[in-house]
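# Build me a model from this:
(chains A and B)
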There are 2 protein chains.
Amino acid sequence: MNETDFIAALRRLPLHAGARGLEDDAAVLEIGGETLVLTHDTMVEGVHFLSTQDMADVAWKLVATNLSDLAAMGASPVGVLLSHTLGDGDEAFLAGLDDVLTHYGVGILGGDTVRGNGMRTLGLTAIGRATHTPVPSRAGAQVGHGLYVTGTLGEAMLGFEAMRDGTEADPAAYTRPLARVAEGEALAPHVSAMMDVSDGLLLDAFRLAEASALSIAIDMSACPVAEPERMMECLTWGDDYELLFTLPEGTKPPVQATRIGTVEPRGFAPLFVDGEPVTNREGLGYTHEQAAPPPSG
Amino acid sequence: MNETDFIAALRRLPLHAGARGLEDDAAVLEIGGETLVLTHDTMVEGVHFLSTQDMADVAWKLVATNLSDLAAMGASPVGVLLSHTLGDGDEAFLAGLDDVLTHYGVGILGGDTVRGNGMRTLGLTAIGRATHTPVPSRAGAQVGHGLYVTGTLGEAMLGFEAMRDGTEADPAAYTRPLARVAEGEALAPHVSAMMDVSDGLLLDAFRLAEASALSIAIDMSACPVAEPERMMECLTWGDDYELLFTLPEGTKPPVQATRIGTVEPRGFAPLFVDGEPVTNREGLGYTHEQAAPPPSG
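You can find the predicted model right below:
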């Protein structure tokens, strides 16, 4: 089975109401007068990270990508559970884990450590506390609202190339991405919909439109990209961990962000890029059916 | 690094207070007016399950072992997050997952589905609600208290052998273990210490003694085992998912259980078996430094 089919099948199993139909970046659990937000991301050696990568960076990214999912829900990180496969670079992994936990002020709650059998799989469950209810979702976009994105798209791609080619450019945008935790909390009370841009802006915008059952029109020339002559790559490569959100017309974003489009009534396609309809997800961004990133040179 | 060294190093990183020093079966998170219990177990193909095993059974065991950790804390299951690596037998995996979630009345909250790269790794985070506070721990045993265990030890071993050898004996104790969720809830208000027996009775009793900084004396002839002529194997093979707990002298267990020993002041060793001191863990049970179970014939 591929990822899409498997998730579709999961949706037919008993789901907790807080799963939000497995459509959002994280689950929402109301408990004891509070609202918790829970997410889990898994990274496979040779698929999501390279065997030659510094394991300190891999640890950083494992935590940061999960905190990005919490950020997309406006949640403040509480703690993490680590699923660790033992292997080369464990000391470096621990050092990187220390860095990222200290950076975000988050503590380890638990997890499991196992002996591996070939390529390693690393997992992290992150738990956060909602700072605003209702917790933002991908499904709340409304006609006429503006579409915004934080930061600059394509920087992770350039960072990956710097790492791969050993150039002098800084690979940090790829190796040590930052989760927009503070921005997510500031945005949560204002947005009609929010998600993080993990798999490429166009694919994630397509998903937001689908979840909201509306269309999104993106003005490509407005998109903040790291290398304008490689616009399409910047909008599809992914791994940027910026926040994509919608705001009512006239509402100014409380954080630095760029308006890149508008929510429209559901038209012929969920996504329009410079007026051209995009009817399917193919080529829009990173999916698990794609090949792994090329091995480091 | 081996598992012990890695976990020792993790303890020097930022820990959440609810991690209980990574000594217990699960973490404890006080939130609002409730107490949550969180645990994560990981299963690696060729290490924790065989490539030839029915993936429906693997799904069952992945959930049941996590619920067993919740049971050890007297927690009632709330939901799970699944980390799934795609591969052969996904349809069977989903069917087994449906079975076990339905059996325990638990829903999926979220997770991640990834493309694998060789042997698969499956993970599950289970979240429960404490039914009694303070939540039982391994560290609460007190001198003079009785040591008890539920069920019969060694049944998982016999189940594994039935599966491996294709005999007519029922392999379910190994392939579809039951988590003692109801028993854990009934016991929680009464026990001074509790844990589940996942890695073998003797190893887990050793750990309980160490966590409580006391000694435990076990009367081997009192231990309920599936095959008395293989007593030592039954007490060390593991995978039984029974509950091991201590009760004040004179307190009758509210569930069916067998008294197998007594908590004593810390003596020469943490564990005494029929009066013989056991000073180190070697040979007491399953650890990740051991080889995988033998491949199916």
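# so the residue nearest to A:Ala182 when sequence neighbours are not counted, which of the three states?
Excluding the flanking residues, the one nearest A:Ala182 by CB to CB, 6 or more residues apart in numbering or on different chains is A:Val255, at 7.8 Å. C-beta: built from backbone N, CA, C; applies to glycine. Secondary structure, DSSP: H, G, I helix; E, B strand; the rest coil: A:Val255 is coil.
# Kindly report the same for A:Leu244.
Per three-state DSSP, A:Leu244 ends up strand.
# Wait, it touches A:Gly200, no?
No. The criterion here is CB atoms under 8 Å, and A:Leu244 misses it with A:Gly200 at 10.7 Å.
# Distance check, the residue nearest to A:Ala182 against chain B.
26 Å (CB to the nearest CB, to the nearest Å).
# That residue: neighbour count?
By other CB atoms under 10 Å in any protein chain shown, the residues close to A:Val255 number 17.
# just A:Thr121 next, same as before
29.
# Just the local confidence number for the nearest residue to it once chain neighbours are set aside, please.
What sits nearest to A:Thr121 in space, not counting adjacent residues and going by CB to CB, 6+ apart, is B:Thr121, at 3.5 Å. For B:Thr121, the pLDDT comes out at 96.
# list the contacts for A:Leu86?
By CB atoms under 8 Å, 6 or more residues apart in numbering or on different chains, A:Leu86 lies in contact with A:Thr113, A:Val114, A:Arg115, A:Gly116, B:Met1, B:Asn2, B:Glu3, B:Phe6, B:His288.
# Same question for A:Ala27.
A:His16, A:Gly18, A:Ala19, A:Arg20, A:Val37, A:Leu38, A:Thr39, B:Gly79, B:Leu81, B:Leu109, B:Gly110.
# Let's have the residues you listed in TSV, adding secondary structure and distance to A:Val135.
Shown next, in TSV, are the contacts of A:Ala27 (DSSP: H, G, I helix; E, B strand; the rest coil; distance: CB to CB, whole Å):
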residue	secondary structure	distance to A:Val135
A:His16	coil	14
A:Gly18	helix	10
A:Ala19	helix	13
A:Arg20	helix	9
A:Val37	strand	6
A:Leu38	strand	11
A:Thr39	strand	12
B:Gly79	strand	16
B:Leu81	strand	16
B:Leu109	strand	13
B:Gly110	strand	13
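# Out of those, which one has the lowest pLDDT?
For the contacts of A:Ala27, the pLDDT minimum is A:Arg20, 90.
# number of nearby residues for it?
Neighbour number of A:Arg20 under other CB under 10 Å is 21.
# do the same with A:Pro224
A:Pro224 has 18 nearby residues by other CB under 10 Å.
# So what does it look like in phi/psi?
phi -80, psi 110 (degrees, to the nearest 10).
# can you tell me how far it sits from A:Thr251?
19 Å (CB to CB, to the nearest Å).
# now swap in A:Asp41 and tell me
A:Asp41 is 30 Å from A:Thr251, where distance means CB to CB.
# between the two, who's got more neighbours?
For A:Asp41 versus A:Thr251, the count of surrounding residues by other CB under 10 Å is larger for A:Asp41: 25 against 14.
# The host helix or strand of that one close to chain B?
For A:Asp41, the enclosing helix or strand under DSSP states H and E is strand A:34-44. Yes. Applying CB under 8 Å from any CB of the partner chain, one finds strand A:34-44 touching chain B at A:Glu34, A:Leu36, A:Leu38, A:Thr39, A:His40, A:Asp41, A:Thr42, A:Met43, A:Val44.
# angle of the helix or strand following that strand against strand A:34-44?
Proceeding N to C from strand A:34-44, the next assigned helix or strand is helix A:55-72, under DSSP H and E. With axes from the mean of the first three to the mean of the last three CA atoms, to 10 degrees applied, the angle from helix A:55-72 to strand A:34-44 works out at 140 degrees.
# Output stretch A:74-86 in PDB, but only the C-alpha positions, please.
Provided in PDB are the C-alpha atoms of stretch A:74-86 (Å, rounded to 0.1, in the frame of the first residue of the first chain):
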ATOM      1  CA  GLY A  74      -0.700  27.500  18.000                       C
ATOM      2  CA  ALA A  75       0.500  25.200  20.700                       C
ATOM      3  CA  SER A  76       3.200  25.700  23.300                       C
ATOM      4  CA  PRO A  77       5.500  22.700  23.600                       C
ATOM      5  CA  VAL A  78       5.300  20.700  26.800                       C
ATOM      6  CA  GLY A  79       7.400  17.600  26.300                       C
ATOM      7  CA  VAL A  80       8.500  14.900  23.900                       C
ATOM      8  CA  LEU A  81       8.700  11.100  23.700                       C
ATOM      9  CA  LEU A  82      11.700   9.700  21.700                       C
ATOM     10  CA  SER A  83      11.700   6.500  19.700                       C
ATOM     11  CA  HIS A  84      15.400   5.900  19.100                       C
ATOM     12  CA  THR A  85      17.200   3.200  17.200                       C
ATOM     13  CA  LEU A  86      20.800   2.800  18.400                       C
END
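# next one: it to chain centre, how far?
The chain centre lies 15 Å from the centre of stretch A:74-86; the measure is CA atoms, centre = their mean, to the nearest Å.
# can you give me the end-to-end distance of stretch A:263-271?
Start-to-end span of stretch A:263-271 (CA to CA, to the nearest Å) is 10 Å.
# for that stretch, what is the average pLDDT?
Stretch A:263-271 comes out at a mean pLDDT of 95.
# The residue in chain A positioned nearest to chain B - how many residues pack around it?
Chain B sits closest to A:Gly32 of chain A, with a gap of 2.9 Å, by CB to the nearest CB. The tally of other residues near A:Gly32 (other CB under 10 Å) stands at 14.
# Would you enumerate the residues in contact with it?
Counting by CB under 8 Å, 6+ apart, the residues that A:Gly32 touches are B:Ile31, B:Gly32, B:Gly33, B:Glu34.
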